[in-house]
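> following is a predicted model, sequence given first.
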There are 2 protein chains.
Amino acid sequence: MSTTPLHFNAFLMSTGHHEASWRLPESDAHATTTIAHYQNLARTAERGALDSVFFADSPALWGDIGRRPSGSLEPTVVLTALAAVTTHIGLIATASTTYNDPYNLARRFASLDHISGGRAGWNIVTTAGPEAARNFGLDDQPAHAERYQRAAEFVEVAKKLWDSWDDEAPSPDKDSGVWGDNKLVRRIEHSGRHFKVGGALNVPRSPQAYPVLVQAGSSEDGRDFAARHAEAVFTAQQTLADAQAFYADVKRRAAAAGRDPDLVKILPGIVPVIGSTEAEAKALEDELDRLIVAEYARDSLAQQLKLRPEDLPLDAELPADLPTEDEIEGAKSRFTLIVELARRERLTVRQLIGRLGGGRGHRTFSGTPEQVADAIQEWASAGAADGFNIMPAVLPSGLEAFVDHVVPILRARGLHREGYTGTTLREHYGLPRPANLFDRV
Amino acid sequence: MSTTPLHFNAFLMSTGHHEASWRLPESDAHATTTIAHYQNLARTAERGALDSVFFADSPALWGDIGRRPSGSLEPTVVLTALAAVTTHIGLIATASTTYNDPYNLARRFASLDHISGGRAGWNIVTTAGPEAARNFGLDDQPAHAERYQRAAEFVEVAKKLWDSWDDEAPSPDKDSGVWGDNKLVRRIEHSGRHFKVGGALNVPRSPQAYPVLVQAGSSEDGRDFAARHAEAVFTAQQTLADAQAFYADVKRRAAAAGRDPDLVKILPGIVPVIGSTEAEAKALEDELDRLIVAEYARDSLAQQLKLRPEDLPLDAELPADLPTEDEIEGAKSRFTLIVELARRERLTVRQLIGRLGGGRGHRTFSGTPEQVADAIQEWASAGAADGFNIMPAVLPSGLEAFVDHVVPILRARGLHREGYTGTTLREHYGLPRPANLFDRV
């Protein structure tokens, strides 16, 4: 069961999570490369005392730049620019274990944690798809299981690097001229299947010791990884029953791995479309769906399903003959979610595109602030969520609506903090600062 | 000959470039991990309308953490945090071509350039020393020539990635629902000896097209690389004659490579120790040198010279039998500079340590603001420099002294701008925004 208060992250992406959001008159079609846009969003999220802002990421240009705002600034450098204009909000960047070196990435997150005063989080991804692989000397992505094995060793190396400095290693004594204690800085001498890293890190241990570790894959491999390593789990769940099952499963796996399940926060995505009346919310949702260019969306859907666009007539249901999850080396759980959604509700391709247009498989919900708060409370009180990854359909207006109109209702119900009680992301999430693993040896 | 105005970068490092600076009562011994310290320095540099702030870097912890403040935040994430609190000053980060992937690094610099509105610069280094190599799966550093070959291909790939988007590729049309033109985004399909990269970059072409390319190695390989690729060259030169010879040589090589030598700015380092009187400056210099712990400095010198500490009695000159530059696979030109300095002035090891303590081989100069301005003007007017990399012995006070007391004198002499006339680093340096290389095909 969830505890109160709940946890809320603002998942930031360009003009919003609805793929047609950029076409609205209010939207800045160049928002993707405009840091002031993201700085304003971070300030808004902080005004609502949300736990964090969060950026997805992949080191590749994907899809069709005709369809929607394309390209994205690298999240760790974006987040330090947000750190500079905020004081409390957590800062979670996605970064790939498949296409980074542990030394460089561990260092960048340690730096972000210092710069932000302990507000860093790392959403650990293994990066699906051949496009990214081809940017790093490979012809195709490594297999799913292989990527997760590398991820596990990557996190192991990163933790050793973050702990390579004892908290007390810097102990400057101006009189004697001794700045620090070499005995409290350790070479890690890691030698494993994927990595050989000497260490120590060249950054002192950071305010949080290391970033909050987040995980966002819901496949079997992903759940096992989350149970062992993650402190927060982002997940896409369409129905309450699925969300409850996922919640219980990850908590069970965490306990089986010897961890306290309360220290693994489960945060499903939700795409709220908020109106002051139900009709207003529906009208905005309809307008957004009407603005989707169906052909673009079909191309993308075909790619996810490993089909050709011509296999997907817009006004027919999905073909009976589809690949199985086993044949997908990319985003396995997202594939299954889409197919199940279409089958369960007998959606035509056009209808499915509308449902996916809002949140790419995440739960969409349109309604009044009360109805959005109800939807949040329902899942949280039913053992389906410790909080939510808020994915506004339109930015900045959707985040402003959430903060200004939904947050006060959640507060009145005791579901959200009145203000920050700590200064670090770990404190917002109720997570302890990790002990140094070398101290435990 | 140099043109006026000259160019000035503030080379920022912890409590200053003198290794004992952290021991002064005024210094914050934890400055290395304190972003407010660097933000204040950037604001000070901007107040003086300097061209840029600059950070050195290596992906390894080197030396003895007893000796001086150790570790350093990763420069690209530091610089976006400085971008957020400044509006004009250029932002130059050092990054290694030996221990990065071109896709990730090109993307991070493109992101920094967008976030800062066109103020990014990249000091391209090949990273000497086995310590870094051991953090990236290698037992020792690749050979000097091999590192430079990789660097050349790295820059080639990065330029292709930065140009993979035409400036006009994003052309959002809300009415038709077409955000951009796919024909103006190109896969680069680079396949070379060191790298295979498909592209395109996932960041639109940035305000400056790409960061100002800076180079800081002065070996034969380094000079050739600078002549072909660099738009600014940082160099350590102890004497006017050496600096003149270097200046003429790099300009000649640039011309031989078919480039306009005026578009390669030569910027020697200078470590000014500024006092309101000559005696005050000397007193500060003496105090700093007195605070050096000789044994720490000797260990480090021995490492650079490939000797054991016990081979270097403090009150004797350097031993007659030293390795040659050919035997050094690390920082070749710095090795030769140190040996020549010691031989030329017949310095004891203790005296050499004092001379190196201020600037690690860079020219140190103590005096009044007028004398510092004279020293700058002398080199600039003698064809030895297009400007200087200002390396204050103590930070922040040394940068404040330069901005508040030396800059007004330089302005009165017409050697420094009154205020910024442009908004990008390329504009500060008088460099054109590069044409897209794919347009020239």
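Yep, it's here.

> run a quick neighbour tally on the closest residue to chain B within the stretch 251-400 of chain A.
Using C-beta to the nearest C-beta, the single residue of the stretch 251-400 of chain A nearest to chain B is residue A:293, 4.5 Å away. Yep, even glycine has a C-beta here, placed from its N, CA and C like the rest. Residue A:293 is flanked by 21 other residues according to other C-beta atoms under 10 Å in any protein chain shown.

> which one is it nearest to, not counting chain neighbours?
Closest residue in space to residue A:293, ignoring its immediate chain neighbours: residue B:177 at 4.5 Å, by C-beta to C-beta, 6 or more residues apart in numbering or on different chains.

> report the contact partners of that neighbour.
Going by C-beta atoms under 8 Å, 6 or more residues apart in numbering or on different chains, residue B:177 touches A:20, A:23, A:291, A:293, A:296.

> what sits against the first one?
Contact partners of residue A:20, counting by C-beta under 8 Å, 6+ apart, are A:68, A:288-289, A:291-293, A:357, B:177.

> what's the most distant pair in those?
Largest separation among the contacts of residue A:20 by C-beta to C-beta: A:68 and A:289, giving 14.3 Å.

> look at those two and report which has more neighbours.
Neighbour comparison, residue A:68 and residue A:289: the larger count goes to residue A:68, with 27 against 19 (by other C-beta under 10 Å).

> double-check that that one belongs to a strand.
No - according to DSSP: H, G, I helix; E, B strand; the rest coil, residue A:68 belongs to no strand; its state is coil.

> that older thread, quick check: the residue of the stretch 251-400 of chain A closest to chain B vs residue A:385, distance?
Computed as C-beta to C-beta, to the nearest Å, the residue A:293 to residue A:385 distance reads 33 Å.

> helices - which of the contacts of residue A:20 land there?
A:288-289, A:357 (DSSP state H).

> confidence-wise, which of the residues you listed comes last?
Among those, residue A:357 carries the lowest pLDDT, at 74.

> is it correct that it is in contact with residue A:19?
Yes - counting by C-beta atoms under 8 Å, residue A:357 does reach residue A:19; the two are 5.0 Å apart.

> okay, and the common contacts of the two?
Contact criterion C-beta under 8 Å, 6+ apart; residues shared by residue A:357 and residue A:19: A:292, A:297.

> pull out the buried residues from the lowest-mean-pLDDT helix or strand in chain A.
Every helix and strand of chain A was ranked by mean pLDDT, DSSP states H and E. The lowest is helix A:349-359, at a mean of 82. Neighbour-count burial for helix A:349-359, with 16 or more other C-beta atoms under 10 Å in any protein chain shown as criterion, is recorded at A:349-359.

> and the contacts of that helix?
Helix A:349-359 is contacted by residues A:17-20, A:236, A:269-271, A:273, A:285, A:288-289, A:292, A:294, A:297-298, A:301, A:312-318, A:338, A:341-342, A:345, A:347, A:364, A:391, A:393 when judged by C-beta under 8 Å, 6+ apart.

> at 7 Å instead, please
Contact partners of helix A:349-359, identified using C-beta atoms under 7 Å, 6 or more residues apart in numbering or on different chains, comprise A:17-20, A:269, A:271, A:289, A:292, A:294, A:297-298, A:301, A:312-316, A:318, A:338, A:341-342, A:347, A:364, A:391, A:393.
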